[in-house]
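In: Return atomic coordinates for the entry below.
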Amino acid sequence: MIWIVEEFKRGLAQLQRWQTWAGIGLIAFFGLLAYMVGRLALRTDSVLTYLRVTAYACRDFTNGVIIFLFCGMIFFILAAVMTLGEIQNHFQFRQRGASQQARQTLIRGSIWAFVAASIAVAGLLFFKKYCR
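Out: Numbering: from 1, shown residues only. The predicted model follows:
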């Protein structure tokens, strides 16, 4: 049973590091973007409209638009995961003193974060345009 206490102490020690909070903040940022897009996407659901649960009126989407939105969601998730991985690599390279690799991973992580945020903002703008 002592191992539970040791694991709890290690978990608390991780919460005292700023890298942990940076990762949690990044996950929260991507989660907020996904929540905002998902909330707008549920307004377009034909079942909710038929049951009169939602008061929003959105245009009917064609299959091409639905596939495009689905692929956008997949690419958003992939870009967000790549961002988290590159930031984790950046922290590891900085800890080891490999400044050149750390700089490269920070640049790649920033690019992936920009791509993920751009996909989410494009989704938000798309739903705002097509829904009243």
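In: Can you give me the separation between the residue nearest to the spatial centre of the chain and Phe61?
Out: Residue closest to the average C-alpha location in the chain (C-alpha atoms, centre = their mean): Phe30, at 2.8 Å. Using C-beta to C-beta, to the nearest Å, Phe30 is found at 24 Å from Phe61. All C-beta atoms are positioned from the backbone trio N, CA, C, and that covers glycine.
In: swap in Thr105?
Out: Distance from Thr105 to Phe61, by C-beta to C-beta: 38 Å.
In: between those two, who's got more neighbours?
Out: Neighbours per residue (other C-beta atoms under 10 Å) separate Thr105 from Phe61, with Thr105 holding more: 21 against 14.
In: Next up, the contacts around the more buried one.
Out: 86-87, 89-90, 93 (C-beta atoms under 8 Å, 6 or more residues apart in numbering).
In: Can you list the helices and strands that the longest helix that the chain contains packs against?
Out: Longest helix in the chain by number of residues (criterion: DSSP state H): helix 63-96. On a contact count with 3 or more C-beta pairs under 8 Å, 6 or more residues apart in numbering; DSSP states H and E, helix 63-96 meets helix 18-42, helix 99-130.
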